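Trainee: From the sequence below, what's the structure:
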Amino acid sequence: MLGRLMFKKLGAFVLGLAAVCAVSFAAPAADYPARPVTILVAFTPGGPSDVLSRIIGKRLQEILHQPFIIENRPGAGGNIAAEQVKNATPDGYTLLMGNNSILATNAALYKKLNYDAEKDFLPISLVGTQANILVVNPNVPANSMQELIALAKASPGALNFASSGHGAAAHLAGELFKTEAKINIVHVAYKGAAPALQDVVAGHVQMMFATAASVIGLIKQGKVRALAVTTPKRTALLPDLPTVDELGLKGFDATTWHGLVAPAGTPKEVIDALHIATTEALKDPATQKALTDLGVDIIGNTPREFADYIKSEIPKWTAVVKASGAQVD
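Mentor: From the prediction side, this is the model:
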């Protein structure tokens with residue numbers, strides 16, 4: 001009888017200890033962050049990744065009570081920033097605002113890549129997605145997508161399309177459009193969306209697939225003309241603007257997405273702390289309004305869900321790269 005009682009007490013103690021350990025293991029790091037955190041952005045200031053990162057970073061700073069510094073490292077389609085974060089100390093103090101180019105496309109786009117999107121980073125959360133909008137300089141004699149395609153077919157190679165960088169979503173959207181519409185248009189790469197759009201406005205290039213975040217103001221000011229949106233459904237920012245699919249290129253989908261990742265090897269409790277803070281940031285009404293005004297559809301999923309999303313996006317964009325013949329050395 002005494003033995004059974006002691007056994008029950010021992011069992012209860014073990015279960016209680018296991019429960020305490022489980023709670024402790026799942027809890028965020030109590031001392032993180034103890035100093036400023038840097039979020040690397042792979043594109044120039046003023047572009048969608050930069051603006052979105054600054055909105056998120058501001059709220060994370062308020063939640064975690066440490067500065068969140070946005071550092072722009074443009075170049076090589078995002079690879080420079082990605083490699084820097086990959087090689088950073090995995091302690092949660094150097095993060096990357098990744099996107100579909102860095103985490104899904106570049107593996108197929110570049111023959112040599114010094115990082116593996118799935119192995120070298122730990123997902124924190126998918127922040128949100130953005131529609132890409134086909135815009136042209138107002139002097140281009142095309143008031144619809146069909147007229148633009150007809151213009152391109154009438155003068156093969158005469159129309160140029162800008163992008164925020166080789167392999168960026170804007171580039172591959174243009175390549176997909178080129179393939180699906182069976183036209184010959186020439187790609188011109190820039191180091192970021194802001195300088196690319198400046199040249200579209202100036203008329204140095206005729207067209208671009210730009211994120212809603214970077215182009216909505218220019219559309220409202222009449223500095224560019226919007227012809228179509230690349231998402232499967234219309235965007236709430238421009239509800240009267242038809243999709244590329246609606247206008248005849250069935251199944252066309254070129255959505256941009258952004259999400260936070262950390263170097264592989266970052267402690268789980270730090271990832272948990274960052275995920276909790278990011279989720280809280282994305283629930284903040286002021287942050288939601290700022291992101292929604294930029295045309296961002298807020299997601300805020302778990303690290304596991306974000307990892308699965310990245311895994312599903314890689315074959316999709318690999319197919320686009322192969323179809324466009326856009327691979328580079």
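Trainee: ok, now which ones touch T292?
Mentor: By C-beta atoms under 8 Å, 6 or more residues apart in numbering, the contact set of T292 is I298. For glycine as for every other residue, the C-beta is placed from the backbone atoms N, C-alpha and C.
Trainee: what distance separates the helix or strand hosting V51 from the middle of the whole chain?
Mentor: Taking DSSP states H and E as the criterion, V51 maps to helix 48-64. Offset of helix 48-64 from its chain centre (C-alpha atoms, centre = their mean, to the nearest Å): 14 Å.
Trainee: which helices and strands sit right next to it?
Mentor: strand 37-41, strand 68-72, strand 94-99, strand 121-130, helix 212-220, strand 256-263, helix 268-283, helix 285-293 (3 or more C-beta pairs under 8 Å, 6 or more residues apart in numbering; DSSP states H and E).
Trainee: A202 is nearest to which of the ones you listed?
Mentor: When the helices and strands packed on helix 48-64 are compared by C-beta to C-beta, helix 212-220 sits nearest A202, at 11.7 Å.
Trainee: Name the surrounding residues that touch the closest one.
Mentor: With C-beta under 8 Å, 6+ apart, helix 212-220 has contacts from 46-48, 51-52, 130-133, 135, 193-194, 197, 201, 208, 224-226, 235, 237-238, 294-296.
Trainee: so is A152 in a helix, a strand, or just coil?
Mentor: Assigned with DSSP: H, G, I helix; E, B strand; the rest coil, A152 falls in the helix class.
Trainee: dump the residue contacts of it.
Mentor: By C-beta under 8 Å, 6+ apart, the neighbours of A152 are 158-159, 181, 183-185.
Trainee: ok, now P141?
Mentor: Per C-beta under 8 Å, 6+ apart, neighbours of P141: 147, 151.
Trainee: Tell me how many other residues crowd the residue lying closest to T38 once chain neighbours are set aside.
Mentor: Closest residue to T38 apart from its sequence neighbours, by C-beta to C-beta, 6 or more residues apart in numbering: I69 at 4.8 Å. Neighbourhood size, I69 [other C-beta atoms under 10 Å]: 13.
Trainee: gap between V296 and V270?
Mentor: Between V296 and V270 the distance is 25 Å, computed by C-beta to C-beta, to the nearest Å.
Trainee: out of the two, which sits in the busier spot?
Mentor: Comparing V296 with V270 by other C-beta under 10 Å, the one with more neighbours is V296, at 27 against 20.
Trainee: Quickly note the distance from the residue lying closest to the more buried one once chain neighbours are set aside to L113.
Mentor: With sequence-adjacent residues excluded and distances taken as C-beta to C-beta, 6+ apart, V296 is closest to G128, at 4.2 Å. The gap separating G128 from L113 is 25 Å, by C-beta to C-beta.
Trainee: Compare these two (neighbour count), which wins?
Mentor: G128 (22 against 16).
Trainee: my read: the more buried one touches G295, true?
Mentor: No. With contact defined as C-beta atoms under 8 Å, G128 does not reach G295; the gap is 9.4 Å.
Trainee: on that earlier part again, out of the contacts of A152, which end up buried?
Mentor: Using 16 or more other C-beta atoms under 10 Å as the burial test, those include 159, 181, 183, 185 as buried.
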